[in-house]
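Visitor: starting from these lines, generate the structure:
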Amino acid sequence: MDKIIELKKINKIYGKTIQTQVLYDIDLAFEAKTFNAIIGSSGSGKSTILNIVGTLDQPTSGEVYINGNKTNQMNKNQLAHLRNQTIGFIFQFHYLLPEFTALENVLMPYLIQKQKPSQEVVERAEELLHIVGLSSVKNNLANNMSGGQQQRTAIARALINNPKIILADEPTGNLDSQSTENIYEILRDINEKLETTFVIITHDKRIAEKTDRIVEITDGRIGSDIRNN
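Guide: The predicted structure is shown next:
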């Protein structure tokens with residue numbers, strides 16, 4: 001299976017006068033269409049890895065390849081285009097715009113890029129809301145939805161540009177156990193039906209154990225790399 005994400009000898013150092021190294025010679029690749037978890041204690045470097053994969057941060061040294069593109073050689077506009085077309089983000093905090101409806105929030109990445117969405121794009125947004133079980137509340141303002149509904153809206157928003165990769169940072173961190181299970185089932189269903197590659201940071205061992213692979217980060221290094229049956 002092709003590698004859709006590849007990190008080669010990644011080091012990350014923060015600060016100039018006082019330097020703090022958070023990643024040490026990370027070699028890590030993820031295959032297309034897989035469902036992966038990154039785990040590790042707070043401060044281990046797992047979120048830094050996710051930010052580097054998402055081109056939101058740059059490594060101090062090393063090479064990053066996303067869908068065959070070497071991101072180290074890209075300028076800001078090229079990186080922004082790559083993110084918009086290739087990567088979807090789901091965060092612990094959904095960052096919905098409260099003055100907009102669920103449907104409008106899902107369309108937001110397209111609106112930012114293209115101005116007015118076509119009917120085809122609107123229909124895709126409605127289809128995504130159907131996939132995450134929100135057709136009945138698509139016209140509700142974000143503030144008039146439950147936490148689980150808001151997070152499902154964020155999932156649909158991450159998918160609107162049909163990204164090959166979804167990066168999720170503690171996507172169920174603020175949810176109860178039942179909502180967590182529901183969100184996981186949705187993500188897994190999307191992975192299987194749309195063949196989207198997922199990399200999920202999670203503290204929830206129940207979620208991690210259901211993924212294809214668990215990469216544990218310990219003090220900025222890969223502590224273990226386990227493929228689940």
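
Visitor: what's the burial count for the residue nearest to residue 26 when sequence neighbours are not counted?
Guide: Leaving aside its sequence neighbours, residue 26 sits nearest to residue 10 (CB to CB, 6 or more residues apart in numbering; 4.0 Å). Just so you know, the C-beta spots here come from the backbone N, C-alpha and C atoms, and that holds for glycine as well. The local packing of residue 10 (other CB atoms under 10 Å) involves 23 other residues.

Visitor: what does the helix or strand hosting residue 10 contact?
Guide: Of the helices and strands defined by DSSP states H and E, residue 10 is found in strand 3-14. Contacts made with strand 3-14 from outside it, assessed by CB atoms under 8 Å, 6 or more residues apart in numbering, are listed as 19-32, 45, 48-49, 52-53, 57, 59-67, 164-165, 197, 199, 220.

Visitor: just the strands in this protein please.
Guide: Along the chain, counting by DSSP state E, strands occupy 3-14, 20-31, 35-39, 61-66, 69-70, 87-91, 165-169, 197-201, 213-218, 221-227.

Visitor: so which of the ones you listed is nearest residue 139?
Guide: Set against residue 139 and scored by CB to CB, those come closest in strand 87-91, at 22.3 Å.

Visitor: that closest one pairs with which strands?
Guide: Using DSSP bridges, the neighbouring strands of strand 87-91 in the sheet come out as strand 165-169 (parallel).

Visitor: state the mean pLDDT of the strand it pairs with.
Guide: Averaged across strand 165-169, pLDDT comes to 92.

Visitor: from residue 117, how far off is the spatially most central residue of the chain?
Guide: The centre of the chain sits closest to residue 167, judged by CA atoms, centre = their mean, with a distance of 1.6 Å. Taking CB to CB, to the nearest Å as the criterion, residue 167 is separated from residue 117 by 24 Å.

Visitor: quick one: the helices in the chain, in order.
Guide: The residue ranges that make up the helices of the chain, judged by DSSP state H, are 46-53, 76-86, 102-114, 119-131, 147-159, 177-194, 205-208.

Visitor: please identify the deepest-packed of those.
Guide: Using mean count of other CB atoms under 10 Å, the stretch among the helices of the chain with the largest mean neighbour count is helix 147-159, at a mean of 23.

Visitor: just the local confidence number for the closest residue to residue 56 other than its chain neighbours, please.
Guide: Distances taken as CB to CB, 6+ apart put residue 83 closest to residue 56, at 7.9 Å, once the chain neighbours are dropped. Confidence at residue 83, expressed as pLDDT, is 87.

Visitor: give the contact list for residue 83.
Guide: 54, 55, 56.

Visitor: including distance to residue 121, could the strands of the chain go into TSV?
Guide: Formatted as TSV, the entries for these read as follows, by distance: least, CB to CB, whole Å:
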stretch	distance to residue 121
strand 3-14	24
strand 20-31	28
strand 35-39	27
strand 61-66	24
strand 69-70	24
strand 87-91	15
strand 165-169	19
strand 197-201	23
strand 213-218	33
strand 221-227	37
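
Visitor: closest to residue 157 out of the ones you listed?
Guide: Across those, residue 157 has its closest neighbour in strand 87-91 (7.9 Å, CB to CB).

Visitor: what's in contact with the closest one?
Guide: Taking CB under 8 Å, 6+ apart as the criterion, the residues outside strand 87-91 that touch it are 54-55, 66, 151, 154-155, 157-161, 163-171, 196.

Visitor: got any ranges where the protein has weak pLDDT?
Guide: Across the chain, the stretches falling below the confidence threshold (pLDDT under 70) are 1, 92-94, 113-115, 174-175.
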